[in-house]
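**Q** predicted model follows, preceded by the sequence.
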Amino acid sequence: MTTLEAAVELLKLISLMVFISSIGAQVWIAFLDITKYFTDTLEKFRPAPSQDKYSRIAVIIGVFVMLAG
């Protein structure tokens, strides 16, 4: 395996880890939206809007990486 191939595989692995954590964040946000009507105590754990935006971008990039790999 050449250095370039190893770097590409490392980039894919990092992208996969970001993708998985971003999916977790999106699930958490959906859960908070569903339970919003039942309790407001979990609202303090809601990510900031900028974090939500970057999480969605990471999910989209992760999908492209998984489809390409």
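**A** Arrived safely. Residues are numbered from 1 along each chain as shown.
**Q** please enumerate the helices of this protein.
**A** If you assign secondary structure with DSSP state H, the helices in the chain sit at 3-35, 49-68.
**Q** apart from its chain neighbours, what residue comes closest to residue 58?
**A** For residue 58, the nearest residue in space outside its immediate sequence neighbours is residue 22; the separation is 3.9 Å by Cβ to Cβ, 6 or more residues apart in numbering. The way it works is simple: take the backbone N, C-alpha and C, and place the C-beta from them, glycine included.
**Q** so residue 22 sits against residue 62, correct?
**A** Yes - look at residue 22 against residue 62 with Cβ atoms under 8 Å: they come within range, at 6.7 Å.
**Q** give the contact list for the most centrally placed residue in the chain.
**A** Of all residues in the chain, the one closest to the mean position by Cα atoms, centre = their mean is residue 22, 1.2 Å from it. Contacts of residue 22 were listed using Cβ atoms under 8 Å, 6 or more residues apart in numbering, and they are 55, 56, 58, 59, 62.
**Q** ok, and the closest non-adjacent residue to the last one?
**A** For residue 62, the nearest residue in space outside its immediate sequence neighbours is residue 19; the separation is 2.5 Å by Cβ to Cβ, 6+ apart.
**Q** could you verify my assumption that the one you found touches residue 66?
**A** Yes - under the criterion of Cβ under 8 Å, residue 19 makes contact with residue 66 at 7.1 Å.
**Q** more neighbours, the two?
**A** Neighbour count, other Cβ atoms under 10 Å: between residue 19 and residue 66, residue 19 has more, with 19 against 12.
**Q** so the more buried one versus residue 42, what's the distance?
**A** Computed as Cβ to Cβ, to the nearest Å, the residue 19 to residue 42 distance reads 24 Å.
**Q** chain neighbours aside, what residue packs nearest to residue 15?
**A** If the residues on either side of it in the chain are set aside, residue 15 comes closest to residue 65, at 4.4 Å by Cβ to Cβ, 6+ apart.
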